[in-house]
Structure formats: C-alpha cells, structure tokens
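# build me a structure from this.
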Amino acid sequence: MAYKIVSVVGARPNFMKVAAICEAIKEYNNGSHNGQQIEHVLVHTGQHYDANMSDFFFNDLELPKPNLFLGVGSASHSVQTAKVMEGFESVLLAERPQVVIVVGDVNSTVACALVAKKTLCSDGTNGKDFIPKLAHVEAGLRSFDRTMPEEVNRIVTDSISDYLFTTEESANQNLRQEGIPTEKIHFVGNVMIDTLLRYRVKANESTILNDLQLHESGQVKSYAILTLHRPANVDDAQTFSAMLESFLDVSRHMPIIFPAHPRTLKQIQEADLGDYFVDHFLDGPEPWDSRVRIRLVPPLGYLDFLHLMSNAKVVLTDSGGIQEETTILGVPCITLRENTERPVTLLHGTNVLVGADPEKIIREFSRVLHDGRKAATPPYFWDGSAAKRIVQILVDERAPARMSSAVPRNGPMIVEDLRHP
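Modelled structure (predicted):
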C-alpha cells in the first residue's frame with residue numbers, strides 16, 4: 001500500500017497549522033527518498049465555512065483545495081461533533097490511510113480522532129483490516145479548566161493518539177503526568193509559527209493599514225486590536241458590557257480595531273450593546289460623540305490580520321493562537337482569560353493574563369503605554385521547521401498498521417469529493 005496520510009481541517013485556527021503540514025509534505029515529496037512518496041488527502045469538515053471566514057484563509061495560505069468536503073456547518077457541540085463523525089467514517093473507509101492527522105482542539109479534532117481509532121479499514125491486498133494511526137498536532141496543552149469545550153477536546157484526543165506532537169515543554173509534562181508513554185510524545189515545535197514566519201514578509205504587502213486609515217504622514221498610528229469570542233466573556237451581558245467599558249477607556253488613547261467573530265456579533269445584537277461600536281467602513285467615529293468607540297471591521301484574511309497585528313501597539317484577546325503569534329512578533333498581548341493552555345507565552349513572550357476584570361484590563365493597558373514593547377525570546381523549536389519534523393517522524397517511524405479480523409460495516413455516507421469535478 002502507498003503511504004497515505006489524511007489531514008483534517010475544520011475551523012479557522014486549523015488552517016494555519018495544516019498549511020505548514022501541507023507545505024512540509026510537498027517539500028518531502030519533491031525530495032529524493034528512494035521513490036517513496038506520501039499520498040496526502042486534505043479533508044475539510046466545514047465546521048467553519050463561508051467565503052469570508054474560510055476561503056480567505058485558503059487563498060492567503062496557498063492551501064491546496066481540500067480533496068473532500070463534509071459540509072457539516074454550524075450546530076450545537078453535540079450535533080456538530082456527530083455530523084463530523086458520520087461524514088469522516090465514510091472518508092476513512094474509502095481512503096484507508098495509514099495515518100490521520102488532527103490539529104488543535106476544535107470539535108472536528110476530537111470527532112475525527114474518535115472515528116480514526118474506532119474504524120477498521122481494509123488493507124485491499126491481503127483482505128485484513130487495520131486501524132489507522134492517529135497523530136495529534138499541538139498535543140498536551142492544558143488550561144486545567146474543563147468548562148472549556150476545547151479542554152475536553154484536547155484531553156480526549158490526546159488519550160487515544162499514537163503520535164503526540166507538542167509545542168512546548170509544559171505540554172510534555174502534562175502528557176507524562178497523564179500517563180502517556182514517553183515514546184509517543186514528540187517535541188517538535190509550533191506549526192502555527194512555521195506559517196507566520198513563512199508569510200511574514202508577504203504580509204507586508206497588505207493594504208490593511210491604509211484601508212483602516214491607520215497611516216498618517218507616512219507613519220503608522222498607534223492602535224490596538226481586539227478579538228473576543230469565548231462564551232465566558234461574551235455570553236453574559238453584564239460581564240461583556242463591563243469589559244466594553246474598559247475598552248472604551250483604551251479607545252480614548254488610541255483606536256481599537258475589532259474584527260468581530262460572527263458569534264460575538266450575535267451576542268452584541270441580542271444584548272443591545274451596539275452603542276459601544278462604530279462600523280469603521282460605514283460611519284467612522286461621530287464628531288459629537290466624546291467616546292471614540294470600538295471600530296468594527298469585517299473578518300480579515302490571514303495576511304491582512306498578520307500585518308495589522310505586527311504593527312499594533314497592543315493586542316487584547318481571548319484567543320490561544322494570538323498569544324503565540326504575538327510572542328514571536330514581540331507585540332504586547334493582554335489576554336482576557338483567567339488561564340492559558342500556552343504558559344510558554346507568559347515566560348518567553350509578551351503575554352499577560354487579566355481575565356474579564358475591567359480594572360486589570362485598564363491597569364495593564366496603562367503599563368503597556370508607559371513601558372512599550374519588551375524584549376521577547378522565541379520559545380525552543382519555534383523556528384519554522386516544526387512541520388518538517390512531524391513529517392520526518394511519521395516517515396521514520398512508519399510501522400505496519402494494527403491488524404484485526406474483518407468485521408461487517410455499513411455503506412459509506414455520501415460526501416463531496418472535490419477531486420473529481
């Protein structure tokens with residue numbers, strides 16, 4: 001059998017990670033390996049899918065079109081997970097990969113992980129069935145807050161994975177404490193940073209600063225970026241509005257650019273919080289209003305957002321990935337959470353935790369205004385080669401798939417195969 005790997009992408013945070021893996025496999029196949037090639041199948045579950053939120057990223061990251069698209073769409077956690085599982089089972093039965101790669105901690109991650117370890121695939125040559133190996137990229141990260149759906153997804157996925165590819169030493173320690181055999185743990189670095197380093201120069205061609213009127217006399221104005229989407233921050237109107245008051249205080253010093261997550265926009269509308277915001281492209285700050293207000297902008301593509309983030313005075317966020325990216329960029333990051341599954345960003349980076357406390361938000365912003373950027377040192381292995389290490393490990397440690405007696409199985413669910421128009 002050819003060495004086949006199926007990689008799964010489902011939501012925006014996955015795209016940057018899978019982009020690095022796709023590039024590393026392409027580079028491996030272009031090299032000289034005694035004729036050995038990797039057949040790579042990219043599956044998009046459709047967990048996040050619309051032109052603004054998905055296609056932008058595929059174009060910016062030069063990702064190949066997904067071979068298969070499941071089209072699950074948005075739904076509750078349980079319904080969405082179930083739809084992904086149903087669709088992905090038919091993919092495995094048809095593709096019969098030796099390895100399934102899942103990344104991150106979204107619903108698609110845990111759904112495809114569970115299916116991979118419970119599906120017997122036909123060898124096709126000797127009539128025996130095997131269970132694919134499961135590789136989890138970004139394994140071992142822990143917030144130790146099981147009210148976060150992502151934390152549950154991480155723990156479940158790690159517990160059944162054959163290859164656990166980690167980004168920082170804390171992840172290695174977490175996995176060892178959970179009883180994961182050392183031989184399954186591979187410290188490879190951060191594939192998200194692979195992508196950032198690859199596209200950082202290209203991102204400089206973005207016109208986003210001009211589009212948002214952030215240039216003045218040839219200089220970049222001081223501005224802040226806000227991203228906010230976690231339920232703990234936006235689902236309770238009282239908590240959300242108190243945070244917005246602190247952001248208005250920030251906006252008196254500099255503009256706050258807010259590429260709004262659809263989920264957050266919905267909460268703004270339902271809680272009648274629209275007065276805190278102004279649509280940058282439609283209205284602009286009104287001259288009679290003493291508050292500058294928070295400037296809403298549409299969702300941005302990867303290159304535009306990377307360029308915007310690189311030049312920001314400060315980033316306020318509840319995103320995990322942005323904590324990592326600002327660490328490499330050296331941009332002060334005020335994280336609107338009580339915990340982080342990425343403690344290396346606190347030790348080596350520019351990150352500080354403030355939760356949803358308005359006083360802490362304002363105090364930390366004032367410190368940034370006074371101190372400016374501080375020196376940050378890249379964490380170990382955040383050097384642009386993490387995906388290459390992953391591919392090399394999978395090739396070097398290739399082992400016969402686990403075999404078992406054949407069992408009856410149902411016919412596959414129909415999914416959209418994008419390889420055959």
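# need the strands for the stretch 201-350 of the chain, in chain order.
Residue ranges of the strands in the stretch 201-350 of the chain, as given by DSSP state E, counting those that start in this stretch, are 215-216, 219-220, 224-227, 256-259, 277-279, 294-297, 314-317, 333-335.
# any stretches of this structure with poor pLDDT?
1, 48-54, 124-125, 127, 280-292, 399-421 (pLDDT under 70).
# tell me how it divides into domains.
3-190+382-417, 207-371 (automatic domain parsing).
# now do the helices in the stretch 201-350 of the chain.
Remark: helices assigned in the stretch 201-350 of the chain by DSSP state H, counting those that start in this stretch are 208-211, 231-234, 237-251, 262-270, 302-310, 320-329, 344-347.
# quick one: which of these is nearest residue 103?
helix 320-329 (11.1 Å; Cβ to Cβ). Any C-beta I mention is one placed from the backbone N, CA and C, and that applies to glycine too.
# and that closest one with helix 302-310, angle?
60 degrees (axes from the mean of the first three to the mean of the last three Cα atoms, to 10 degrees).
# so which elements touch helix 320-329?
helix 12-30, helix 191-203, helix 302-310, strand 314-317, strand 333-335, helix 344-347, strand 351-353 (3 or more Cβ pairs under 8 Å, 6 or more residues apart in numbering; DSSP states H and E).
# what residues sit buried inside it?
By 16 or more other Cβ atoms under 10 Å, the buried positions in helix 320-329 come out as 320-329.
# now it and helix 12-30, what's the angle there?
Using the same axes, to 10 degrees: helix 320-329 against helix 12-30 is 60 degrees.
# which residues does helix 320-329 contact?
13, 16, 141, 150, 167, 190, 192-193, 196-197, 227, 306, 309-310, 315, 317, 332-333, 335, 340-342, 344-345, 348-351, 376, 378-379, 382 (Cβ atoms under 8 Å, 6 or more residues apart in numbering).
# with stretch 73-88 instead?
8, 10, 43, 45-47, 49, 70-72, 107-108, 110-112, 114-116, 149, 413, 415.
# now that stretch: how far from the chain's centre is it?
18 Å (Cα atoms, centre = their mean, to the nearest Å).
# report how many residues lie close to the nearest residue to residue 111 once chain neighbours are set aside.
Of all residues not flanking residue 111 in the chain, residue 84 sits nearest, at 3.7 Å (Cβ to Cβ, 6 or more residues apart in numbering). By other Cβ atoms under 10 Å, 28 other residues sit near residue 84.
# check which element follows the helix or strand where residue 84 lies along the chain.
Using DSSP states H and E, residue 84 sits within helix 77-95. Next along the chain after helix 77-95, taking DSSP H and E as the criterion, comes strand 99-103.
# what angle separates the helix or strand just after that next one from strand 99-103?
Using DSSP H and E, the next helix or strand after strand 99-103 towards the C-terminus is helix 107-116. Relative orientation of helix 107-116 and strand 99-103, computed by the same axes, to 10 degrees: 160 degrees.
# residues contacting the nearest residue to residue 234 once chain neighbours are set aside?
Nearest non-adjacent residue to residue 234, counting by Cβ to Cβ, 6+ apart: residue 267, 4.5 Å away. The contact partners of residue 267, by Cβ under 8 Å, 6+ apart, come to 234-235, 237, 240, 273.
# which pair in these has the greatest spatial separation?
235 and 273 (12.4 Å).
# and the residue nearest to residue 111, how far from residue 153?
12 Å (Cβ to Cβ, to the nearest Å).
# ok, now residue 89?
18 Å.
# with residue 167 instead?
Relative to residue 153, and taking Cβ to Cβ, residue 167 is found at 16 Å.
# rewinding a little: list the buried residues in the helix holding residue 84.
Quick answer for helix 77-95 (16+ other Cβ under 10 Å): 80-81, 83-93, 95.
# CA atoms only for that helix, dumped as PDB, please.
In PDB, the C-alpha atoms belonging to helix 77-95 read as follows (Å, rounded to 0.1, in the frame of the first residue of the first chain):
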ATOM      1  CA  HIS A  77     -21.400  20.900  20.100                       C
ATOM      2  CA  SER A  78     -23.000  17.500  20.200                       C
ATOM      3  CA  VAL A  79     -24.800  17.800  16.800                       C
ATOM      4  CA  GLN A  80     -21.800  19.200  15.100                       C
ATOM      5  CA  THR A  81     -19.500  16.500  16.500                       C
ATOM      6  CA  ALA A  82     -21.900  13.800  15.500                       C
ATOM      7  CA  LYS A  83     -22.200  15.100  11.900                       C
ATOM      8  CA  VAL A  84     -18.400  15.200  11.600                       C
ATOM      9  CA  MET A  85     -18.100  11.700  12.900                       C
ATOM     10  CA  GLU A  86     -20.700  10.400  10.500                       C
ATOM     11  CA  GLY A  87     -19.100  12.000   7.500                       C
ATOM     12  CA  PHE A  88     -15.500  11.200   8.400                       C
ATOM     13  CA  GLU A  89     -16.200   7.500   8.900                       C
ATOM     14  CA  SER A  90     -17.100   7.200   5.200                       C
ATOM     15  CA  VAL A  91     -13.800   9.100   4.300                       C
ATOM     16  CA  LEU A  92     -11.700   6.500   6.200                       C
ATOM     17  CA  LEU A  93     -13.500   3.500   4.700                       C
ATOM     18  CA  ALA A  94     -12.900   4.900   1.200                       C
ATOM     19  CA  GLU A  95      -9.400   6.300   1.600                       C
END
